[in-house]
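> how would this look folded up:
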Amino acid sequence: MADVLLKNISKSYDGKTNVVESVSFEFKDKEFVVLVGPSGCGKSTVLRMIAGLEEITGGDLLIDNKRVNDLLPKDRDIAMVFQNYALYPHMTVYQNMAFGLKLKKMSRKEIDQRVQKAAAILDIIPLLDRRPKAMSGGQRQRVAIGRAIVRNPKVFLFDEPLSNLDAKLRVQMRVELQKLHKKLQATIIYVTHDQTEAMTLGDRIIVLKDGIVMQIGSPMKLYNQPDNIFVAGFIGSPPVNFIPGMIKRTDTLNFIHESTGFNVNLSDIPNKAIAGFEDKKVILGIRPEDIYSKPQINSGPFAKLSTTCIAIEQMGSEMLVYAALDEKQIIARFSPESKIEMGKRVDLFVDTGRVHFFDPETESVIR
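Here you go, the predicted model:
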């Protein structure tokens, strides 16, 4: 397998506007890295530049310390799994998986060994004589992955491979991909717009917005320590709640949301940087699971926000409570047995040890 290094990679289609802007990061050998972001953020373009399917208009791409900007896709020793499977409909599963190896003039024996081994790993041996139209979406995706495995490439590229599958099958395939990575010990670069896929699959996650890297880190680092409002709002489902307010000093320094009177005593929070925002606007961020229906024992301190319940989603294992906050809403995760009624008052208790503060001008975290 291999290391992949991007050094100030840029992409422009018109020579004026970059859709990918000076992107730099390293994919380490045997690492599973996920590129995530909304549609149009440049993640698939980055993947296609690594594959050689898009021309790099700025910067350097290195694989195993070798610059490959000008190498053809077939010479990069990379295998790509596409969103639409890209299988040949007139070929059987075996023929689809063997096709690339035949082009390389491999012996029939070696081709058969590789196909059989990959089919065993993916549990698709019974499907080898079928054609794509006779298989489900999940089976076709396994075949597409198998076609990549038989090549034994340095790097695997996955471009939103699960987006055409139903919700239940996506969960199953996420588990299969984790097991596959462990078996192959492969370098995998995976693109998705689904932050749940990113959180469950990646050793590291690279969050992109408008062709710019917003943050790189482990799933839990991005979840617990977002660098900015975009990452805080994108990673996690439901996302972080944002409450605008002011930093004011009475006897102590406080965060105050004026219309509700919601008040957080900042003397309880070990964030020294927030003192520099006295008499300034800030945005408080809090995740739904850090809001409770009553103060918790051995936790806290808590700040009380009294508001009105505007919607309830009963999820079985939890209840999502939507409460009014000015013209917007705030979401809390409660126990499914919580006695909450729509249209009635609800008291939300915010764990102030779990809040984040953001500068509304830069949208960066204050820490």
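
> can you pull out the strands in the stretch 251-367 of the chain?
Counting by DSSP state E, counting those that start in this stretch, the stretch 251-367 of the chain has these strands, from start to end: 253-257, 262-265, 281-286, 291-292, 302-314, 319-325, 328-334, 345-351, 356-358.

> Determine how far the second one lies from the middle of the whole chain.
Distance of strand 262-265 from the chain centroid (Cα atoms, centre = their mean, to the nearest Å) equals 32 Å.

> That one - which strands sit beside it in the sheet, and in what orientation?
Using DSSP bridges, strand 262-265 pairs in its sheet with strand 253-257 (antiparallel).

> Near residue 190, how many other residues are there?
Other residues near residue 190 number 26, with proximity taken as other Cβ atoms under 10 Å. Every residue, glycine included, has its C-beta placed from N, CA and C.

> tell me the mean pLDDT over the helix or strand hosting it?
Assessed by DSSP states H and E, residue 190 sits inside strand 187-192. Here the mean pLDDT over strand 187-192 is 96, rounded to a whole number.

> Could you give the backbone dihedrals for the closest residue to residue 147 other than its chain neighbours?
With Cβ to Cβ, 6 or more residues apart in numbering as the criterion, residue 147 has its nearest non-adjacent residue at 4.9 Å, and that residue is residue 97. Phi and psi for residue 97, reported as degrees, to the nearest 10, are phi -70, psi -30.

> pretty sure residue 97 is in contact with residue 119, am I right?
Yes. Contact between residue 97 and residue 119 holds when scored by Cβ atoms under 8 Å: they sit 7.3 Å apart.

> between the two, what contacts are shared?
Overlap between the neighbourhoods of residue 97 and residue 119 consists of residue 146, taking contacts as Cβ atoms under 8 Å, 6 or more residues apart in numbering.

> Which one's more surrounded, those two?
Between residue 97 and residue 119, counted using other Cβ under 10 Å, the more crowded position is residue 97 (29 against 22).

> State the distance from the more buried one to residue 127.
Counting by Cβ to Cβ, to the nearest Å, the gap from residue 97 to residue 127 is 10 Å.

> hmm, back to that, out of the strands of the stretch 251-367 of the chain, nearest to residue 75?
Each of the strands of the stretch 251-367 of the chain was scored for nearness to residue 75 using Cβ to Cβ, and the closest is strand 356-358 (45.5 Å).

> So for the residue lying farthest from the centre of the chain, what pLDDT did the model give?
For the chain, the C-alpha farthest from the mean C-alpha position belongs to residue 251; by Cα atoms, centre = their mean, that distance is 42.4 Å. Model confidence at residue 251, expressed as pLDDT, equals 86.

> quick one, what contacts it?
Here residue 251 is in contact with no residues (criterion: Cβ under 8 Å, 6+ apart).

> and residue 29, what element?
Take DSSP H and E as the rule and residue 29 turns out to sit in neither a helix nor a strand.

> For it, grab phi and psi.
Backbone phi and psi, for residue 29 under degrees, to the nearest 10, turn out to be phi -50, psi 130.

> where does the stretch 1-150 of the chain have low pLDDT?
Low-confidence regions of the stretch 1-150 of the chain, defined by pLDDT under 70, span residues 1.

> That one: helices as residue ranges?
In the stretch 1-150 of the chain, the segments counted as helices under DSSP state H, counting those that start in this stretch are 43-51, 93-103, 108-122, 137-149.

> could I get these as JSON lines with distance to residue 334?
JSON lines is the format used below for the helices of the stretch 1-150 of the chain (distance: least, Cβ to Cβ, whole Å):
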{"stretch": "helix 43-51", "distance to residue 334": "34"}
{"stretch": "helix 93-103", "distance to residue 334": "48"}
{"stretch": "helix 108-122", "distance to residue 334": "41"}
{"stretch": "helix 137-149", "distance to residue 334": "35"}
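
> out of those helices, which comes closest to residue 366?
helix 43-51 (27.9 Å).

> Counting by contacts, list what the closest one packs against.
Contact here means 3 or more Cβ pairs under 8 Å, 6 or more residues apart in numbering; DSSP states H and E; on that basis helix 43-51 packs against strand 4-12, strand 18-27, strand 32-36, strand 78-81, strand 155-159, strand 187-192.

> Dump the ones you listed to CSV, plus distance to residue 181.
Formatted as CSV, the entries for the helices and strands packed on helix 43-51 read as follows, by distance: least, Cβ to Cβ, whole Å:
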stretch, distance to residue 181
strand 4-12, 16
strand 18-27, 13
strand 32-36, 5
strand 78-81, 13
strand 155-159, 9
strand 187-192, 6
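
> what's the closest of these to residue 299?
Nearest to residue 299, of all these, is strand 32-36, at 30.6 Å by Cβ to Cβ.
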